[in-house]
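*Asks:* Quick one, fold the following:
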Amino acid sequence: MYREVPVKSHKEGKSFKILSILLIILFILLVLSISTKGSKPLVYKNIIIKEGDTLWSIVKEHNLKDQDPRKMISEIKKINQLDDVILRPGQIILIPEFS
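*Replies:* Here you go, the predicted structure:
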């Protein structure tokens with residue numbers, strides 16, 4: 001007539017809570033690390049172009065956080081709204097400055 005219901009031990013419930021909390025913390029840390037990894041720098045530096053400067057030489061000279069030079073050139077072109085890679089002496093461009 002009566003059905004026996006298995007009783008969970010206190011230990012099983014506590015383990016489940018601890019595991020759940022650890023998984024939530026791990027998920028939050030993962031989300032935070034992903035969101036900060038691809039974040040753009042908030043600081044830019046003015047560079048005055050000299051005779052013979054190229055975007056490639058600027059990226060190499062300023063060692064922009066050891067990034068792929070092609071990606072950095074693309075980023076600099078986007079920041080400065082440059083249609084091509086031709087730079088003129090006296091021209092001022094912005095480059096990202098990583099801390």
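
*Asks:* remind me which residues of this protein are low pLDDT?
*Replies:* Along the chain, the parts satisfying pLDDT under 70 run over 1, 5-12, 35-41, 64-66, 98-99.

*Asks:* what about the strands in it?
*Replies:* 44-48, 92-96 (DSSP state E).

*Asks:* Show me what residue 48 bridges to in the sheet.
*Replies:* Counting by DSSP bridges, residue 48 is bridged to residue 92.

*Asks:* That one against residue 92, yeah?
*Replies:* Yes - in this structure residue 48 lies within contact range of residue 92 using CB atoms under 8 Å: 5.6 Å. In this view, the C-beta of every residue, glycine as well, is placed from N, C-alpha and C.

*Asks:* Throw the strands of the chain into a markdown table and include distance to residue 2 and mean neighbour count, thanks.
*Replies:* Formatted as a markdown table, the strands of the chain follow (distance: least, CB to CB, whole Å; neighbours: other CB atoms under 10 Å):
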| stretch | distance to residue 2 | mean neighbour count |
| --- | --- | --- |
| strand 44-48 | 75 | 13 |
| strand 92-96 | 72 | 16 |
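
*Asks:* Could you dump those into TSV and include distance to residue 81?
*Replies:* Converted to TSV, the strands of the chain look like this (distance: least, CB to CB, whole Å):
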stretch	distance to residue 81
strand 44-48	13
strand 92-96	10
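
*Asks:* and of those strands, who's closest to residue 70?
*Replies:* strand 92-96 (14.6 Å; CB to CB).

*Asks:* I'd like to know which elements the longest helix seen in the chain is packed against.
*Replies:* The residue-count maximum for a helix in the chain (DSSP state H) belongs to helix 10-37. Contact partners of helix 10-37 among helices and strands, from 3 or more CB pairs under 8 Å, 6 or more residues apart in numbering; DSSP states H and E: none.

*Asks:* in it, what counts as buried?
*Replies:* Residues of helix 10-37 classed as buried by neighbour count (16 or more other CB atoms under 10 Å): none.

*Asks:* How far away from the center of its chain is that helix?
*Replies:* Centroid displacement of helix 10-37 relative to its chain, using CA atoms, centre = their mean, to the nearest Å, is 23 Å.
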